[in-house]
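Trainee: Quick one, fold the following:
(one chain, ligands or ions: 1)
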Amino acid sequence: MIELIDKLEKEHSLTLEEYKTLISERTPEYAEILSEKATEARRKIYGNSVYIRGLIEISNICKNDCYYCGIRKGNKKCERYRLTAEQILSCCEEGYELGYRTFVLQGGEDAYFGDEVICGIVSEIKNRYTDCAVTLSLGERSFESYKRLYDAGADRYLLRHETADKEHYEKLHPAELSFDNRMECLENLKKIGFQVGCGFMVGSPFQTDETIAKDLKFIEQFKPHMCGIGPFVPHRETVFKDMPQGTVELTCYLLSIIRLISPSVLLPATTALGTIDPEGREKGILSGANVVMPNLSPSEAKKKYELYNNKLTGGAESALNKKMLEERMKTIGYEIVTDRGDFKTV
Ligand code: 5AD
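Mentor: Numbers count the residues shown, from 1 in each chain. Next up is the predicted model:
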């Protein structure tokens, strides 16, 4: 194990078998060694800065029926909403005053948000706030659509790959969704010039050490600028309602590994991690994460954008409580910065 950890630290690469061993043979002692190496690797590039992103959940209307997701089309109990352009812009205004310099527009695959609507909103945000980055997280779209969004000024795009194992992908999604298309979308986003984020849920149903090893290999080879990983948390109105949730322990272990695979990756301590553990975000940062994404959505939207049960909305999760977040980060030796927080090339 020590040899594997040293190899990962030096070469930023392991074989599939080695990744699998690193996961299956883990102990709290090895986790500690990994997190020390991971935080050191991050410190060399980002110091003790933690970047913040203002998350705006623009719509919970979705044409897809992903088995894990609380806003899946099949959830008839989900109260649907969609923000207007004015509402989205006023979230940005509020966020800008609070010190946010990246806005993440995230939503279900809602046909209302076609290219013209999104491009209009993106260019308006970019015109008003020339020192801000815009990140989109709106699911699968065509190459042409992604290109229009990029040309309108969007800087980054988040599209979790969900799992790098095709069979596993098919167990998490209905037949209309395909692993190959997901991967093609990620390639297209890269080609167009976006800073791209992939990612997956930790402890998703049917996940194995082997599928996780594939996720790590994929991250190593795809070289995303961002990588979102958080624990799977069941939602009562989904196919996976009775499945066990992912753990903080494995999520943090994987955050450390991902940091060592890519020392400069932008790695969030996710809301899901903060939801299953009151100190989840701090634990994530201490394992190698360097981003937090507090919620800037209007409070009504926040409640309805329920991807999983009991999703955190108050406290330091709310973008309005930036002071609280600052204090919590300071307590563990980190500093929230007012900055676009771009990917650093070393
Ligand atoms: N638990 C944790 N994460 C979830 N997501 C969707 N549903 C859940 C859940 N039940 C994640 C997916 C998606 C992102 C927006 O939220 O990985 O890509």
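Trainee: how close does the residue most central in space within the chain get to residue 56?
Mentor: Of all residues in the chain, the one closest to the mean position by Cα atoms, centre = their mean is residue 228, 2.9 Å from it. Distance, residue 228 to residue 56, using Cβ to Cβ, to the nearest Å: 16 Å. C-betas here are computed from N, CA, C, even on glycine.
Trainee: can you give me the helices for this protein?
Mentor: Using DSSP state H, the helices of the chain run over 2-11, 16-24, 28-46, 85-98, 115-128, 143-151, 166-172, 179-192, 209-222, 248-261, 271-276, 280-287, 299-304, 322-331.
Trainee: Find the nearest non-adjacent residue to residue 258, please.
Mentor: residue 227 (5.6 Å; Cβ to Cβ, 6 or more residues apart in numbering).
Trainee: From residue 26, how far out is residue 165?
Mentor: 20 Å.
Trainee: Compare neighbour counts for the two and give me the winner.
Mentor: Neighbour count, other Cβ atoms under 10 Å: between residue 165 and residue 26, residue 165 has more, with 21 against 18.
Trainee: Just give me the neighbour total for the closest residue to that one other than its chain neighbours.
Mentor: Counting by Cβ to Cβ, 6+ apart, residue 165 lies nearest to residue 211, which is 4.3 Å off, once chain neighbours are set aside. Residue 211 is flanked by 19 other residues according to other Cβ under 10 Å.
Trainee: for residue 289, same thing?
Mentor: 31.
Trainee: Now for it: which residues touch it?
Mentor: 255, 259, 267, 268, 269 (Cβ atoms under 8 Å, 6 or more residues apart in numbering).
Trainee: Could you tell me how many residues sit around the residue lying closest to it once chain neighbours are set aside?
Mentor: Distances taken as Cβ to Cβ, 6+ apart put residue 269 closest to residue 289, at 4.0 Å, once the chain neighbours are dropped. The tally of other residues near residue 269 (other Cβ under 10 Å) stands at 28.
Trainee: Below-threshold pLDDT in the chain: ranges please.
Mentor: Nowhere does the chain drop to pLDDT under 70.
Trainee: By residue count, which strand of it is the longest?
Mentor: strand 195-202 (DSSP state E).
Trainee: Tell me what angle it forms with helix 248-261.
Mentor: Orientation note: strand 195-202 sits at an angle of 150 degrees relative to helix 248-261 (axes from the mean of the first three to the mean of the last three Cα atoms, to 10 degrees).
Trainee: Report the angle between strand 195-202 and helix 179-192.
Mentor: Going by the same axes, to 10 degrees, strand 195-202 makes 150 degrees with helix 179-192.
Trainee: Out of the contacts of residue 289, the closest to the ligand would be?
Mentor: Minimum distance to the ligand across the contacts of residue 289 is 11.4 Å, recorded for residue 268 (Cβ to the nearest ligand atom).
Trainee: Now for the closest one: which residues touch it?
Mentor: For residue 268, counting by Cβ under 8 Å, 6+ apart, the contacting residues are 53, 226, 228, 284, 289, 291, 292, 293.
Trainee: Thanks a lot, catch you later.
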